[in-house]
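K.L.:
only geometry, no sequence info:
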């Protein structure tokens, strides 16, 4: 199974909860996952992973978090080409535009999105929790 980096940024803890659920799904599928807050991960580290689960909540006007996560994502983007990738994040307003834009950007960069992104309005409910675990399984099996 692939080594998967689960990299996230979380302001309220909701996206962190989702990241842990994705990691649980990776493990349940027999995969090898490692969990990293965005501030503890680098493009150099990314070179040692074969797949990525990226999580970021919606911020401001439906955009990625600008101070830590977005700069990291921009550094990672060239390394995502051809790699299995899944996306997840929470939101408190809007309609998920940030996730649609992010998924489109990942695909444009050549990432292989192996499952539909998972979003949660606030803390993940039972459905979102199960979807996060399934996301982890999908990236582990890709």
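P.N.:
Yep, that arrived. The shown structure was predicted, so the numbers you read here are calculated from the model rather than taken from an experiment.
K.L.:
quick one: the helices in the protein?
P.N.:
Taking DSSP state H as the test, the helices found in the chain are 14-28, 43-46, 69-76, 97-108, 126-141.
K.L.:
longest strand in the protein, please.
P.N.:
Secondary structure of the chain per DSSP state E: the longest strand is strand 84-91.
K.L.:
present the helices of the chain as TSV; the columns should include mean pLDDT, mean neighbour count and distance to residue 87.
P.N.:
No exception for glycine: its C-beta is placed from N, CA and C like everyone else's. Shown next, in TSV, are those (pLDDT from 0 to 100; neighbours: other C-beta atoms under 10 Å; distance: least, C-beta to C-beta, whole Å):
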stretch	mean pLDDT	mean neighbour count	distance to residue 87
helix 14-28	98	22	10
helix 43-46	95	14	15
helix 69-76	96	19	10
helix 97-108	95	16	6
helix 126-141	97	21	8
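K.L.:
now for the ones you listed, which one comes closest to residue 63?
P.N.:
With distances scored as C-beta to C-beta, the stretch of the helices of the chain nearest to residue 63 is helix 97-108 (5.6 Å).
K.L.:
tell me which residues are up against the closest one.
P.N.:
For helix 97-108, contacts defined as C-beta atoms under 8 Å, 6 or more residues apart in numbering pick out 56, 58-59, 62-64, 77, 80, 85, 87, 89, 91, 113, 117, 119.
K.L.:
mind redoing it with 6 Å?
P.N.:
Residues outside helix 97-108 that contact it (C-beta atoms under 6 Å, 6 or more residues apart in numbering): 58, 62, 63, 85, 87, 113, 117, 119.
K.L.:
now do stretch 71-87
P.N.:
Looking at what lies outside stretch 71-87 - C-beta under 6 Å, 6+ apart - the contacts are 38, 43, 46, 51-54, 103, 106, 109-115, 117, 135, 139, 142.
K.L.:
over to stretch 17-31?
P.N.:
Around stretch 17-31, the neighbours that count as contacts under C-beta under 6 Å, 6+ apart are 1, 4, 6, 8, 33, 35, 53, 55, 88, 124, 129, 132-133, 135-137, 140-141.
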